[in-house]
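S.K.: pasted the sequence and its predicted model underneath.
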Protein chains: 2
Amino acid sequence: MSVQERRERQRAQRHQLIIDVARQLAESEGWEAVTTRRLAERIEYSQPVLYSHFKGKDAIVEAVALEGFAELAARLEDARTGATGTHAALAAVLRAYADFATANPVLYDAMFARATTLAFGAPNTPEPLRAAFAALAAVFADLAGDRDPETFTEVAWSALHGLITLNRDGRLRPDRQGQRLALLVAQLQR
Amino acid sequence: MSVQERRERQRAQRHQLIIDVARQLAESEGWEAVTTRRLAERIEYSQPVLYSHFKGKDAIVEAVALEGFAELAARLEDARTGATGTHAALAAVLRAYADFATANPVLYDAMFARATTLAFGAPNTPEPLRAAFAALAAVFADLAGDRDPETFTEVAWSALHGLITLNRDGRLRPDRQGQRLALLVAQLQR
DNA sequence: CTCACAACGCTAGCGCAGCTAGACTCCGGG
DNA sequence: CCCGGAGTCTAGCTGCGCTAGCGTTGTGAG
């Protein structure tokens, strides 16, 4: 059965290749440039091969988004454990989140604008999403006081997310994002 | 020259008809159902007519979004002037904003996800966008204290917007939006 | 009243998208 | 050596945004 194993291994490699190429293509030319034809060309297979791995184009984007959540969770955890004290950890995590979104705008877009199928509250929530939320909750919950920690985390996360998306779409004054983040940090500590 | 005037009037009517139909179609079947062919069919003209009114499909969506901002601004202003006292006004405006987004999800989508060309910080910011922001600023600025009122408004608005989008995409626990809004109101008053 | 003309809307079609049916190739097992 | 099936490809479907170019029709001058 070694033959079959080799095939499955190669298949898994190709699966990952599709995800990598999709992400790379999106990062260099934007999501609108990610078409099944171009994707097929880059992986050096024909279009139908994509559909033997993923249900459709959306599923590919979703896979990229999932990787994004895993990366984000790791960055947040690094930032949190790297800081000493509640206040420092809060600022570090917020900064790490914002930096991640700024450094990977296309990835962030996949995570929050493109892949709307990925739910959080549902029982089928993928692990990376839980991990990312948990990393946020770990730092926000301390500030909740007598309020429900999870609700507080949701609100704080929303503020952060809103700041990033509105800023990215040109809805806020450019070059003031630093001030806004600082104000958010201060407000959360009140 | 009455003939020409009549033509311009009819042309303006058709212009508005396109916007109305686009919005109506989006509200009943989603934005993905809004295609130039279907739009043309509904207004009972051929596709090229659309392009004599708008530069492209995006411009049509943008026109719908602009109407959305005007409506939102009106709702917020109503809520603010209808309440007495800073605290009541704050809660009323936040609720009005959230209600607007809930009642018109498709419109809100056009305003913030589809029409990313509409900028705020720029000098060419359309009037309805300014009006909407001003309505928010009118109630948030009072709470700024010693902080920059505009920055505070931007942060508060971001929190509100983030709450709505994350909730809509299933990223927050359903049926808790009320608690989250209440927590936001309280936090802003701290 | 006639008629040239310009404005206007239409038909037809281009290139590209996501996706799939069906033919072909090639390799492992008997 | 050949059969069977897994795996891949070619070709093509429908529908998208958008546009070139051809009527048609109503206007205003003569």
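M.R.: All right, it came through fine.
S.K.: packing partners for the longest helix that chain A contains?
M.R.: When chain A is parsed with DSSP state H, its longest helix is helix A:2-29. Here helix A:2-29 touches helix A:36-43, helix A:47-53, helix A:57-82, helix A:105-109, going by 3 or more CB pairs under 8 Å, 6 or more residues apart in numbering or on different chains; DSSP states H and E. C-beta here means a position set from N, CA and C on the backbone, and glycine is covered the same way.
S.K.: export those as TSV, with columns for mean pLDDT.
M.R.: Shown next, in TSV, are these (pLDDT from 0 to 100):
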stretch	mean pLDDT
helix A:36-43	97
helix A:47-53	97
helix A:57-82	97
helix A:105-109	97
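S.K.: which parts of chain A sit against DNA strand D?
M.R.: Residues of chain A lying close to DNA strand D (CB under 7 Å from any atom of the strand) are A:R7, A:R11, A:Y45, A:S46, A:Q47, A:P48, A:V49, A:S52.
S.K.: show me which of those are buried.
M.R.: Using 16 or more other CB atoms under 10 Å in any protein chain shown as the burial test, the residues of chain A next to DNA strand D include A:Y45 as buried.
S.K.: which ones among the residues of chain A next to DNA strand D also lie next to DNA strand C?
M.R.: A:Q47, A:P48.
S.K.: and the residues of chain A next to DNA strand D, which is closest to B:A141?
M.R.: Comparing the residues of chain A next to DNA strand D against B:A141 with CB to CB places A:Q47 closest, at 54.6 Å.
S.K.: ok, how many other residues are close to the residue nearest to that closest one when sequence neighbours are not counted?
M.R.: Spatial nearest neighbour of A:Q47, chain neighbours left out: A:A40 (4.5 Å); criterion: CB to CB, 6 or more residues apart in numbering or on different chains. For A:A40, the count of nearby residues is 17 (other CB atoms under 10 Å in any protein chain shown).
S.K.: got it, and A:L136?
M.R.: 22.
S.K.: that one: which element?
M.R.: Taking DSSP states H and E as the criterion, A:L136 maps to helix A:127-140.
S.K.: let me know the angle separating that helix from helix A:57-82.
M.R.: For helix A:127-140 against helix A:57-82, the angle by axes from the mean of the first three to the mean of the last three CA atoms, to 10 degrees is 30 degrees.
S.K.: mean confidence for helix A:127-140?
M.R.: Helix A:127-140 shows an average pLDDT of 94 in the prediction.
S.K.: okay, buried residues for that helix please.
M.R.: Across helix A:127-140, burial judged by 16+ other CB under 10 Å covers A:P128, A:L129, A:A131, A:A132, A:F133, A:A135, A:L136, A:A137, A:A138, A:V139, A:F140.
S.K.: reformat the residues you listed as JSON lines; add distance to B:G85.
M.R.: Below are the buried residues of helix A:127-140 laid out as JSON lines (distance: CB to CB, whole Å):
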{"residue": "A:P128", "distance to B:G85": "45"}
{"residue": "A:L129", "distance to B:G85": "41"}
{"residue": "A:A131", "distance to B:G85": "43"}
{"residue": "A:A132", "distance to B:G85": "39"}
{"residue": "A:F133", "distance to B:G85": "36"}
{"residue": "A:A135", "distance to B:G85": "39"}
{"residue": "A:L136", "distance to B:G85": "34"}
{"residue": "A:A137", "distance to B:G85": "34"}
{"residue": "A:A138", "distance to B:G85": "38"}
{"residue": "A:V139", "distance to B:G85": "34"}
{"residue": "A:F140", "distance to B:G85": "30"}
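S.K.: for A:D99, find the nearest of the helices and strands packed on helix A:2-29.
M.R.: Proximity to A:D99 (CB to CB) singles out helix A:57-82 among those, at 7.8 Å.
S.K.: other SSEs contacting the closest one?
M.R.: Contacts defined by 3+ CB pairs under 8 Å, 6+ apart place helix A:57-82 against helix A:2-29, helix A:86-103, helix A:105-109, helix A:127-140.
S.K.: least confident of those helices, on average?
M.R.: Among the helices and strands packed on helix A:57-82, helix A:2-29 has the lowest mean pLDDT, at a mean of 90.
S.K.: helix A:57-82 and that one, what's the angle between them?
M.R.: Put simply, helix A:2-29 runs at 80 degrees to helix A:57-82, going by the same axes, to 10 degrees.
S.K.: buried residues in helix A:2-29?
M.R.: Residues of helix A:2-29 classed as buried: A:R14, A:I18, A:I19, A:V21, A:A22, A:R23, A:L25, A:A26 (neighbour count, 16+ other CB under 10 Å).
S.K.: out of these, who's near DNA strand C?
M.R.: Okay, of these, nothing touches DNA strand C (CB under 7 Å from any atom of the strand).
S.K.: closest to B:V185 out of these?
M.R.: Distance to B:V185, by CB to CB, is smallest for A:A26 among the buried residues of helix A:2-29, at 38.1 Å.
S.K.: show me the contacts for the closest one.
M.R.: A:A33, A:V34, A:V64, A:V106, A:L107, A:A110 (CB atoms under 8 Å, 6 or more residues apart in numbering or on different chains).
S.K.: tell me which two in these are the farthest apart.
M.R.: Spatial extent of those (CB to CB) is set by the pair A:A33 and A:L107 at 15.0 Å.
S.K.: any part of stretch A:107-116 near chain B?
M.R.: Yes - contact of stretch A:107-116 with chain B is found when judged by CB under 8 Å from any CB of the partner chain, involving A:F112, A:A113, A:T116.
S.K.: can you pull the pLDDT of the closest residue to the second one other than its chain neighbours?
M.R.: By the measure of CB to CB, 6+ apart, the closest residue to A:A113 outside its immediate chain neighbours is B:A113, 6.3 Å from it. B:A113 carries a pLDDT value of 90.
S.K.: so which strand or helix has the residue nearest to A:F140 when sequence neighbours are not counted?
M.R.: Excluding its sequence neighbours, the residue lying closest to A:F140 (CB to CB, 6+ apart) is A:T153, at 4.3 Å. Using DSSP H and E, the element containing A:T153 is helix A:149-168.
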